[in-house]
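Novice: Just a sequence and a predicted model for now, questions to come.
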Amino acid sequence: MDLTLQRDQIELAYQLRSRDDFLLFARGLTIPSAEGPRQFDEVMAPFQREFLEQIEPSLKAARVGDEPPRRRWWIERTKGASKDSDLAVCLLWLLAFPDRPLYMQVGAGDRDQAAIVRKRMEDLLYYNGWLAEWVSIKQNKAVNLRPGIAELDILAADAKTAHGGTPDVMVINELTHVDRWDFASNMMSNAAKVPRNLTIVATNAGFRGTKAEVWRRNADASHESRMKKGDEAPSSDWTVMTWTKPAPWILPADVEDERRRSPSAGAFNRLWHGVWASGKGDALDEEDIDRCMIRQGPIVKPEVGWNYVAGLDLGISHDHAGLAVLGSHAGLQKVRLAWMRGFAPIKVGEGRIEVDLMAVEEECYQVFRQYNLRWFGYDPAAGGSYMAQRLRNRQCPMQEVSFSSQTNMSLMATTLVQSMKEGRLECYDDEGRLRRDLGKFNIVERTKGTGFKLEATRDEHGHADVGTALVIALPRAVQLLYWTGLMPDDVVAGGEESELTEEEVAELPGDLKELYE
């Protein structure tokens, strides 16, 4: 028999039998695997096969309108473990071969996340062209080409669409990324109105103390109850299936690279090992701090080949302020702490203590003069904008670094961790001041994976003010390692180039005066 004819006959038999055999349908699909287009059966991981085998009876029941033997599924996997692709396989089978009018919904926290399952379905249609005779996908709706038979709405919490309806099959994707919780709650309520509804929650591990964790604990308790009851368990009990390792098709070297680049162990373990995180992880360990503490003391005067920047963390009442100057050398690819100082609050009245802001302002001006600063970053909170305005009038190159900006916060966090781990940052300590500040830092991963921010615990020495001043300046210092011209917000007309006069030297604070002399 002609081989082409034989292959055509096999393909036709596969398509005909796929209608009533979900597992055959899934195994025979061509998918865009890590090795290129391959038949799913050839590259299917054991945890994928287990999921598809276990959910098959529920899919078949939903297709014909019977009560699924297991109606509620919690699917939790690590990053890149094909959660969305496996959901797309299930949904496409229901769309292509319904036995009754079937309405389905897929909901996610925002438009980008909602589009992921749709993209996986579109990929399967591309590699399995025969399915396009049955299913069409346009924007956020997929339908069976026989009008009114089966349809799927793809919903986003941030879209201006109605999130009502009574779905026969309902998927909440990326639950831990949902911040409009009424959206997820409404979807579950809609599903509850359909006694034979099939519900699937699919997600990565998330954050403790969130509503998503409450849902997960409920699913776990229900799953344990189902396991104890066995065949007597009600269909409404949850089935929880988790995968807590990197997917087998992801190269170990790539996972290790992710580990090294991750700002915190908590973030890495959450995404790649399925560990629910408290949201806080140690930003630096003792080895990282020891590695950077190699300088014997401050840099006395500006050195040839170094560019200097500074950061100011300003506190007033019941807080401290911190000031740090960093030097950056493109040739050496090093950033060094040139000078630092903390400002403790002083008593200014009965039961009232404050940082002496005039002293802070004057010291900012003096370090600008002494180190010929190219850039001076400050947090505009706590009156920093007023001080910056006065310093700008004295030619000091003040630049706002808002702590309310997700971009700034994430950049400061990642730059600190990477600079420390790569051995690029060199510091000196001053009676344990900086070491103490660096040891206070934790990194908090923002929900929805939007980045990271540094948090510091407060003690009798303040709120890591010198350490915070350092991380304000550090991103700009690292930028200068790769750029020797003008930066977009550099001040072209800066301060005076002349040496300080004897009168100005006499007015310097004691420690700066010693350095200058």
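Specialist: Nice, I can see it.
Novice: Let me know the secondary structure of residue 298.
Specialist: Under DSSP: H, G, I helix; E, B strand; the rest coil, residue 298 falls in the coil class.
Novice: All further residue positions should be reported with the first residue as 22.
Specialist: Taking 22 as the first residue, the last one we looked at is residue 319.
Novice: Assess the claim that it and residue 448 are in contact.
Specialist: No: using C-beta atoms under 8 Å, residue 319 is not in contact with residue 448, being 10.2 Å away. Quick note: C-beta positions are derived from backbone N, CA and C, even for glycine.
Novice: Would you mind listing the residues touching both of those two?
Specialist: residue 358 (C-beta atoms under 8 Å, 6 or more residues apart in numbering).
Novice: For these two, work out which one has more neighbours and name it.
Specialist: residue 448 (23 against 18; other C-beta atoms under 10 Å).
Novice: Which residue is the nearest non-sequential neighbour of the more buried one?
Specialist: residue 358 (4.2 Å; C-beta to C-beta, 6 or more residues apart in numbering).
Novice: Could you chop the chain up by domain?
Specialist: The chain is divided into the following domains under automatic domain parsing: 41-263, 276-302, 304-513.
Novice: pLDDT (mean, whole number) over the last one?
Specialist: Same thing as domain 304-513. Domain 304-513 shows a mean pLDDT of 83.
Novice: hmm, back to that, including distance to residue 32, could the domains of the chain go into CSV?
Specialist: Listed next are the domains of the chain as CSV, based on distance: least, C-beta to C-beta, whole Å:
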stretch, distance to residue 32
domain 41-263, 8
domain 276-302, 37
domain 304-513, 41
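Novice: between the ones you listed, which one is nearest to residue 29?
Specialist: Proximity to residue 29 (C-beta to C-beta) singles out domain 41-263 among these, at 11.5 Å.
Novice: now the closest one, how far from the centre of its chain.
Specialist: 24 Å (C-alpha atoms, centre = their mean, to the nearest Å).
Novice: Likewise for stretch 309-325?
Specialist: Distance, centroid of stretch 309-325 to centroid of chain: 32 Å (C-alpha atoms, centre = their mean).
Novice: Give me the residues contacting that stretch.
Specialist: Here stretch 309-325 makes contact (C-beta under 8 Å, 6+ apart) with 327, 329, 348, 357-361, 391-393, 438, 441-442, 444, 446-450, 455-456, 459-460, 536-537.
Novice: What of stretch 60-72?
Specialist: Contacts of stretch 60-72 (C-beta under 8 Å, 6+ apart): 47-52, 54-56, 73, 96, 98, 102-103, 107, 110, 262, 264, 268-270.
Novice: from those residues, which ones fall inside strands?
Specialist: Residues of the contacts of stretch 60-72 located in strands (DSSP state E): 51-52, 54, 96, 262.
Novice: what about residue 359, which SS state?
Specialist: At residue 359, secondary structure determined by three-state DSSP is strand.
Novice: Please, where are all the strands along the stretch 122-271 of the chain?
Specialist: Along the stretch 122-271 of the chain, the stretches classed as strands by DSSP state E, counting those that start in this stretch are 123-129, 156-159, 162-165, 171-177, 190-194, 219-224, 259-263.
Novice: And the third one, what's buried?
Specialist: Pointing back at strand 162-165 there. 163-165 (16 or more other C-beta atoms under 10 Å).
Novice: ok, so of these, who is nearest residue 289?
Specialist: Nearest to residue 289 among these, with distances taken as C-beta to C-beta, is residue 163, at 34.9 Å.
Novice: The closest one pairs with what?
Specialist: Partner residues in beta bridges with residue 163, using DSSP bridges, are residue 158, residue 173.
Novice: how about the nearest residue to residue 351, chain neighbours excluded?
Specialist: residue 502 (5.3 Å).
Novice: Report the separation between that neighbour and residue 202.
Specialist: The gap separating residue 502 from residue 202 is 43 Å, by C-beta to C-beta, to the nearest Å.
Novice: Look at those two and report which has more neighbours.
Specialist: residue 502 (18 against 15).
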